[in-house]
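Student: A structural model of the following input is requested.
(chains A, B and C)
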Amino acid sequence: MTNNPQLTANGELAHLLTLEGLPREILSAILDTAAPFTEVAEREVKKVPLLRGKSVFNVFFENSTRTRTTFEIAAKRLSADVINLNVATSSTTKGETLLDTVDNLCAMGADMFVMRHASSGAPYLLAQHLRNTRRDHIAVVNAGDGRHAHPTQGLLDMYTIRHYKKDFTGLTVAIVGDVLHSRVARSEIFALKTLGVPEVRVIGPKTLLPTDVEKMGVRVFHDMREGLRGVDVVMMLRLQNERMQGALLPSSQEYFKVWGLTADKLALAQPDAIVMHPGPMNRGIEIDSAVADGGNAVILPQVTFGIAVRMAVMSMLARR
Amino acid sequence: MTNNPQLTANGELAHLLTLEGLPREILSAILDTAAPFTEVAEREVKKVPLLRGKSVFNVFFENSTRTRTTFEIAAKRLSADVINLNVATSSTTKGETLLDTVDNLCAMGADMFVMRHASSGAPYLLAQHLRNTRRDHIAVVNAGDGRHAHPTQGLLDMYTIRHYKKDFTGLTVAIVGDVLHSRVARSEIFALKTLGVPEVRVIGPKTLLPTDVEKMGVRVFHDMREGLRGVDVVMMLRLQNERMQGALLPSSQEYFKVWGLTADKLALAQPDAIVMHPGPMNRGIEIDSAVADGGNAVILPQVTFGIAVRMAVMSMLARR
Amino acid sequence: MTNNPQLTANGELAHLLTLEGLPREILSAILDTAAPFTEVAEREVKKVPLLRGKSVFNVFFENSTRTRTTFEIAAKRLSADVINLNVATSSTTKGETLLDTVDNLCAMGADMFVMRHASSGAPYLLAQHLRNTRRDHIAVVNAGDGRHAHPTQGLLDMYTIRHYKKDFTGLTVAIVGDVLHSRVARSEIFALKTLGVPEVRVIGPKTLLPTDVEKMGVRVFHDMREGLRGVDVVMMLRLQNERMQGALLPSSQEYFKVWGLTADKLALAQPDAIVMHPGPMNRGIEIDSAVADGGNAVILPQVTFGIAVRMAVMSMLARR
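Tutor: Residues are numbered from 1 along each chain as shown, chains lettered A, B, ... in the order given. Now for the predicted structure:
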């Protein structure tokens, strides 16, 4: 097994596990492949036969109706047979190990796994297991693992930025909020650096930033107004409600006052700056409604591009 | 927005939100469209390609496997891609507003929403929002909102009556039971009046009838035998079990004695009277098994016609 | 109704309710029909159009994601429309009787029911009801009823044995473990006897064997080593975790020591003996990992054959 288990010996995409270490050519190829799929969604018949007769298993060990739905739509538009397994709320496993569950689904004829898991690294474990057992034709897509990665979210964010800004190499991009607990932020930072964004900023209180975040090649700001000055892209993060209960944060009103994206803070960015959010939004906590619904927001286009990007990933993996 | 948000400027069906205020021509057009769909269910291959490649979202904020299933079957027979979102039991929204959830699903390429919600008016709110945001091509079907309306149930009831009685204009129709808490009853009364039924009766205890029910143009009976005399159609309502726990009603045995439909009470109606029930039935509470399984009952044909009526509504909405 | 409600007057398969009393020709016909379906799973497009436009209802009154998934995959590969009804966790029935629920689904145009129910005999009741109401064209597949039967599991086990051993008539087969609570064991014993296996052994502690098990034509062993001596096939049973809490058994370590299948116990069987398990496995309780992952185990092929066998049953039932 090479250092990069998501690539084949020929350097093609075998699995999508993380954006960390994914070469720029692969990232660009995914975005290029996604472009025509955005047009499928505009058609009368929103379907292409690329995955006809393939069995895609959405295996969610952690509940996430929203993410599961986007993968289900993407797979159905590719004409795949989709099987949803909500392992979080079922008694599927009855004490069986993760790998036994997976082996069973492979034996049922799975072509692709879309996996969400609370433990960082679970999709890696799966990909490694498939390789060790010589079932390399079965692909794994990480739909979010612990605090580790959420690569399709990162990819759809890159697609969105490229769509609105064309070129990555002149941009200043700010990521704002709870970077510490965000699997999205990690995926975004890796992708932005790989695609050549010269300045990536992270903005947030010390308690919500990883201690060694500078090592990822970003500039750190603890003052939001300072951090937003002149940026082309503002990527807001969702504040997990459960953080508010702990000692990490003051009240949500306090948080909004200091770290919420309001029109007057946004005014410090470039006039044509785009505002992104991975959803679901906490209006009045990390983002003001006036901004969320305003002219700079591209939050709903992100969702639309997300379907196309997931179709692109799935079709590239199935092509092997 | 006109007074009737479910019609387009040309008077075509844009959404199905309620039967209240729906013109007779539209009602009749839906019933006419449903007729050939009853034949699809008889075929070897129970499928037509009218909604191929369309994405239909069943968004159920209130649990109802039965109603959801009928819409799922109808959509699949029309060859649509169906996505079930059981929002009642999932953490989809994570504190996000109803309209943010809907905006996200629209961004995923929804063509049609089938919505069940505990709050009266929620599907209206959705239709209004789609209009305000210029997404008029996306249709909304109300699958039951609070105590307000359940229009496809009302329509399938009209289809059933027309099927067995041919003409509405000479009929006496009785609705029996818990009218107060029934969204079905409201939809039925509006449709019956619109289609020209000269006499609609409501029969029930004062505690289970709305105080101003006469204003809907119905005759009120508090004596079941008197109310059933000479009727052509008996529409029973389901007694919600939860009513029994409150102070509204005596025991279920008491209720059955006074308000349950038995063969001897039914004998007061026309000999060829049809007996309807929206299901699920409480045998021995609002209806006796001998009647439910007897020759006058058309309760199972109602279910069959329900699939055809839902196919009709969906195909008319998709045609725009 | 004849003694065998699962056969038509012509002796064809009308329902699959149990393997008890199923003639050898029918059993063999199912296995023969399954063989080409194992190849469908190998194709690029894993689909055949045999059930196109048919409505298959997975009605699970007891939760079982794994079994439901295998039927869902089988039906989708046959191109059926599949409707999953998880009655265990829904409020579908709202106090309605089983037969009313079923009548409603029939009225929605069901072609086939796949039913799992905690009560032994529930699928019989359904088949009988369909016959009594002259809806013989609708087929029932028992996906497990109480402690009674799980015929598709039994069939896939027979398919597996035939695949590896070719001929049943020279075999010694051992079934090991909790036979008392196992619907799988009953189905297996009937099928093995019908297919001509000369020696079927059951191995387990007295507390986990039915008192009259010898009447089924099996040899009983209370010593595992003695029972395994010279066998060609070892069929392990899953130990339900809930048994451990009662007084029936000592600790799971104790159980493993006496009744767990280890390499040294397996060494007493024929060198080419196959080891089977219906899953999900309790590694380290009824089976040692070294055996489960070893060269004699055919546990994952069982799963693969299970899809083909279910496709075979469904296609034979739909052919009528």
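
Student: Could you find the closest non-adjacent residue to the closest residue to chain C within chain A?
Tutor: Shortest chain A-to-chain C distance, computed as Cβ to the nearest Cβ: residue-wise this is A:G53, at 3.1 Å. (Glycine included, C-beta is placed from N, CA and C.) With sequence-adjacent residues excluded and distances taken as Cβ to Cβ, 6 or more residues apart in numbering or on different chains, A:G53 is closest to C:V45, at 3.1 Å.

Student: ditto for A:L208
Tutor: Distances taken as Cβ to Cβ, 6+ apart put A:D178 closest to A:L208, at 4.5 Å, once the chain neighbours are dropped.

Student: and that neighbour, what does it touch?
Tutor: By Cβ atoms under 8 Å, 6 or more residues apart in numbering or on different chains, A:D178 lies in contact with A:G204, A:L208, A:L237, A:R238, A:L239, A:Q240, A:R243.

Student: backbone phi and psi for it, please?
Tutor: Note on A:D178: backbone dihedrals following degrees, to the nearest 10 are phi -80, psi 70.

Student: Let me see the contact set for the residue of chain A closest to chain C.
Tutor: A:S79, A:D81, C:R43, C:E44, C:V45, C:K46, C:K47.

Student: Sort out for me which of those are in strands.
Tutor: A:D81 (DSSP state E).

Student: could you dump the contacts of A:G53 to CSV with distance to C:T160 and neighbour count?
Tutor: Formatted as CSV, the contacts of A:G53 follow (distance: Cβ to Cβ, whole Å; neighbours: other Cβ atoms under 10 Å in any protein chain shown):
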residue, distance to C:T160, neighbour count
A:S79, 32, 18
A:D81, 24, 24
C:R43, 21, 12
C:E44, 26, 10
C:V45, 26, 13
C:K46, 20, 20
C:K47, 24, 19
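
Student: that older thread, tell me, what's the model's pLDDT at the residue nearest to A:G53?
Tutor: On pLDDT, C:V45 comes in at 88.

Student: now the one 3 residues further on
Tutor: On pLDDT, C:V48 comes in at 95.

Student: and it, what does it touch?
Tutor: With contact set as Cβ under 8 Å, 6+ apart, C:V48 has these partners: C:V40, C:R77, C:L78, C:S79.

Student: Show the contacting residues for the residue nearest to A:G53.
Tutor: Shown in contact with C:V45 (Cβ under 8 Å, 6+ apart): A:R52, A:G53, A:K54.

Student: hang on, the earlier thing: so which of the contacts of A:D178 is the most crowded?
Tutor: Counting neighbours by other Cβ atoms under 10 Å in any protein chain shown, A:L237 leads those with 26 neighbours.

Student: and it, how far is that from A:A185?
Tutor: Distance, A:L237 to A:A185, using Cβ to Cβ, to the nearest Å: 6 Å.

Student: Name all residues that sit in contact with these two at the same time.
Tutor: Joint contacts of A:L237 and A:A185 (Cβ under 8 Å, 6+ apart) are A:I175, A:V179.

Student: so where's the stretch 201-320 of chain A uncertain?
Tutor: For the stretch 201-320 of chain A, the stretches with pLDDT under 70 are A:241-248.

Student: Okay, strands next: where are they in it?
Tutor: Under the criterion DSSP state E, counting those that start in this stretch, the stretch 201-320 of chain A contains strands at A:219-221, A:233-236, A:274-276.

Student: name the helices or strands packed onto the longest one?
Tutor: Contact analysis of strand A:233-236 by 3 or more Cβ pairs under 8 Å, 6 or more residues apart in numbering or on different chains; DSSP states H and E lists helix A:151-165, strand A:172-176, strand A:274-276 as its packing neighbours.

Student: for the residue nearest the centre of chain A, what are its contacts?
Tutor: Of all residues in chain A, the one closest to the mean position by Cα atoms, centre = their mean is A:Q153, 1.8 Å from it. Neighbour list for A:Q153: A:G144, A:V184, A:S187, A:E188, A:P278, A:G306 [criterion: Cβ under 8 Å, 6+ apart].

Student: can you tell if the host helix or strand of the second one touches chain B?
Tutor: Counting by DSSP states H and E, the secondary-structure element that holds A:V184 is helix A:183-194. No: residues of helix A:183-194 are not located near chain B by Cβ under 8 Å from any Cβ of the partner chain, the shortest gap being 14.2 Å.

Student: Render the CA-only coordinates of that helix in PDB, please.
Tutor: This file holds the C-alpha atoms of helix A:183-194, laid out as PDB (Å, rounded to 0.1, in the frame of the first residue of the first chain):
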ATOM      1  CA  ARG A 183     -13.900  18.200   9.600                       C
ATOM      2  CA  VAL A 184     -15.000  20.600   6.900                       C
ATOM      3  CA  ALA A 185     -12.300  23.200   7.700                       C
ATOM      4  CA  ARG A 186      -9.500  20.700   7.500                       C
ATOM      5  CA  SER A 187     -10.600  19.500   4.100                       C
ATOM      6  CA  GLU A 188     -11.000  23.100   2.900                       C
ATOM      7  CA  ILE A 189      -7.600  24.200   4.000                       C
ATOM      8  CA  PHE A 190      -5.800  21.300   2.300                       C
ATOM      9  CA  ALA A 191      -7.700  21.900  -1.000                       C
ATOM     10  CA  LEU A 192      -7.200  25.600  -1.000                       C
ATOM     11  CA  LYS A 193      -3.500  25.200  -0.500                       C
ATOM     12  CA  THR A 194      -3.200  22.500  -3.200                       C
END
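
Student: report the angle between the axes of that helix and strand A:172-176?
Tutor: Interaxial angle of helix A:183-194 relative to strand A:172-176 (axes from the mean of the first three to the mean of the last three Cα atoms, to 10 degrees): 170 degrees.

Student: Enumerate residues external to helix A:183-194 that contact any of its residues.
Tutor: Helix A:183-194 is contacted by residues A:18-24, A:27, A:144-151, A:153-155, A:157-158, A:168, A:173, A:175, A:179, A:200, A:202, A:216-218, A:235, A:237, A:278 when judged by Cβ under 8 Å, 6+ apart.

Student: for the record, mean pLDDT for it?
Tutor: Helix A:183-194 carries an average pLDDT of 91.

Student: do the same with stretch A:7-14
Tutor: On average, stretch A:7-14 scores 91.

Student: Buried residues in that stretch, which are they?
Tutor: A:L7, A:L13, A:A14 (16 or more other Cβ atoms under 10 Å in any protein chain shown).

Student: just those residues now: which is nearest chain B?
Tutor: Chain B lies nearest to A:L13 out of those, by Cβ to the nearest Cβ, at 23.7 Å.

Student: For that closest one, list each beta-bridge partner.
Tutor: A:L7 (DSSP bridges).

Student: thought it was touching A:A318?
Tutor: No: contact between A:L13 and A:A318 fails when scored by Cβ atoms under 8 Å: they sit 10.7 Å apart.

Student: Next to chain B, which bits of the stretch 201-320 of chain A? Give me the list.
Tutor: Within the stretch 201-320 of chain A, the positions lying close to chain B (Cβ under 8 Å from any Cβ) are A:241, A:279-283, A:300-304, A:306-307.

Student: Before I go, just wanted to say thanks for your time.
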